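>>> Sequence first, predicted model second:
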Amino acid sequence: MTTDSAIIRRSLDEPSAFAELFDRHAHAIGRFAAQRVGAEAGKDVLSETFLVAFRKRASFDHAWESALPWLYGIAARLIRKQRAGEARQWRSIAAAARIAERGDDGALRRAEEQADAAALTGRLAERIAALPPRDRDTLLLYAWHDMTYEQIAAALGVPVGTVRSRLNRVRRRFADLHGGAAPGGAIGREEGRDGRVEQGA
């Protein structure tokens, strides 16, 4: 299969080829944006991400075959401009979880494990909303988008060691929630996705 890098190279002389990149990655970037700022604002972020990427395609680092970390990085920077809205989104999730925990229309509470899950979701959402934006970016790229430390570093333009430090900092902040659980359970693990054991920051 043609690599993203090859598509971007071709698009320098044949701009319409860039549409292939959109077809490949629009769903992932759109989902990332919607999770962060809501469905409507997420559509704007998706569109702007690919407009920015098209304008900056000549600066793409062809050492990477996949453009996904680069696109996530662009989307994350655009989302930071809307971070107040993002925090509101997480607080809405927390509020919805509290309502679910109480039960609807006065019905008996559901099974205990469901109530526990709702409470955990609410606490997670509150803590995610309270994270500094750079830590939130790092956490969600890792936990929800299955990116390696190296890919996150490329997306956010930081050293790999900074990614490790941020994730360790988040792990400590979530340590009392079900043994360090974070979205997707990823941050509770001691071994990083790159296969190395994390020693802490």
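Cool, the structure landed.

>>> residues near residue 155, how many?
Residue 155 sits with 24 neighbouring residues when counted by other C-beta atoms under 10 Å. Heads up, the C-betas are built off the backbone N, CA and C, glycines and all.

>>> wouldn't it be in contact with residue 140 here?
No. Using C-beta atoms under 8 Å, residue 155 is not in contact with residue 140, being 11.1 Å away.

>>> Can you give me every residue that contacts the nearest residue to residue 68 once chain neighbours are set aside?
Distances taken as C-beta to C-beta, 6 or more residues apart in numbering place residue 25 nearest to residue 68, at 5.7 Å, with adjacent residues excluded. Counting by C-beta atoms under 8 Å, 6 or more residues apart in numbering, residue 25 touches 4, 67, 68, 71.

>>> Top of those residues by number of neighbours, please.
For the contacts of residue 25, neighbours tallied by other C-beta under 10 Å; top is residue 71, 25 neighbours.

>>> Could you verify my assumption that that residue touches residue 53?
Yes. Under the criterion of C-beta under 8 Å, residue 71 is in contact with residue 53, at a separation of 6.0 Å.

>>> so where's this protein uncertain?
Filtered on pLDDT under 70, the chain yields the residue ranges 83-123, 125, 176-201.

>>> tell me the domain ranges of it?
1-81, 92-130, 132-201 (automatic domain parsing).

>>> Check the secondary structure at residue 63 for me.
coil (DSSP: H, G, I helix; E, B strand; the rest coil).

>>> Give me the distance between it and residue 31.
26 Å (C-beta to C-beta, to the nearest Å).

>>> okay, the two: which has more neighbours?
A count of neighbours by other C-beta under 10 Å puts residue 31 above the other of residue 63 and residue 31, at 14 against 7.

>>> Tell me how far the more buried one lies from residue 127.
In terms of C-beta to C-beta, residue 31 sits 22 Å off from residue 127.

>>> Residue 72 too?
22 Å.

>>> who's more crowded, these two?
Applying other C-beta under 10 Å to residue 72 and residue 127 shows that residue 72 carries more neighbours, namely 26 against 18.

>>> Tell me both backbone torsions, phi and psi, for that one.
phi -60, psi -40 (degrees, to the nearest 10).

>>> Do I have it right that it meets residue 144?
No. At 10.8 Å, residue 72 does not count as touching residue 144 under the criterion of C-beta under 8 Å.

>>> Give me the common contacts of the two.
residue 32.

>>> between residue 71 and residue 53, what contacts are shared?
residue 21.

>>> Now stretch 124-131: buried residues?
Buried residues in stretch 124-131, counting neighbours by 16 or more other C-beta atoms under 10 Å, are found at 124, 125, 126, 127, 128, 129, 131.

>>> contacting residues around the last one?
In this case it means residue 131. 139, 170, 173.

>>> Going by neighbour count, which residues in the strand or helix carrying residue 27 are buried?
Residue 27 is part of helix 19-37 when elements are defined by DSSP states H and E. Within helix 19-37, the residues scored as buried using 16+ other C-beta under 10 Å are 20-22, 24-26, 28-30, 32-37.
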